[in-house]
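Participant: Just a sequence and a predicted model for now, questions to come.
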Amino acid sequence: MTMTEEFGDALRELARGGGPVLEALAKQSEGALQHAGIDPRTALLVRMSALVAMDAAAASYLVHLGIADRGGVRAETIEAMLVELAPLVGSARIVSAAGKINQALRELSAP
């Protein structure tokens, strides 16, 4: 399964359990990786960078981290992304994002 398919599946799964708001968000995002004009791995990192810049909630990272893991994006790559973003978004956003990413990873690994 490709990263694009994983993203679509994850969003549909999230929408099934998340009510009308998450369903609407899933429909809005479905296919975004395949229509970005860049490879899915890069698109995923761009989306995660936007989450960092917006100081998004931990739940916003869940789908993206799950897909990143299944798509072979290593933790070192995500760390490098945070380092690259630091001069642009500031240390407070990076520390916040790191904590939220860790929280999302704990939720992903919970039974």
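Facilitator: Good, I have the coordinates.

Participant: Residue 96: what's it in contact with?
Facilitator: residue 55 (C-beta atoms under 8 Å, 6 or more residues apart in numbering). C-beta here means a position set from N, CA and C on the backbone, and glycine is covered the same way.

Participant: Now do the helix or strand harbouring residue 53: which elements does it pack against?
Facilitator: Assigned by DSSP states H and E, residue 53 falls within helix 40-54. Judged by 3 or more C-beta pairs under 8 Å, 6 or more residues apart in numbering; DSSP states H and E, the packing partners of helix 40-54 are helix 3-29, helix 58-70, helix 75-89, helix 91-109.

Participant: The second one - what's its average pLDDT?
Facilitator: Taken as a whole, helix 58-70 has a mean pLDDT of 80.

Participant: Can you check what angle separates that helix from helix 75-89?
Facilitator: Calculated by axes from the mean of the first three to the mean of the last three C-alpha atoms, to 10 degrees, helix 58-70 forms an angle of 140 degrees with helix 75-89.

Participant: since we're on residue 40, how many residues are nearby?
Facilitator: Close neighbours of residue 40, defined as other C-beta atoms under 10 Å, add up to 20.

Participant: quick one: it and residue 73 touch, right?
Facilitator: No - counting by C-beta atoms under 8 Å, residue 73 is not a contact partner of residue 40; they are 10.0 Å apart.
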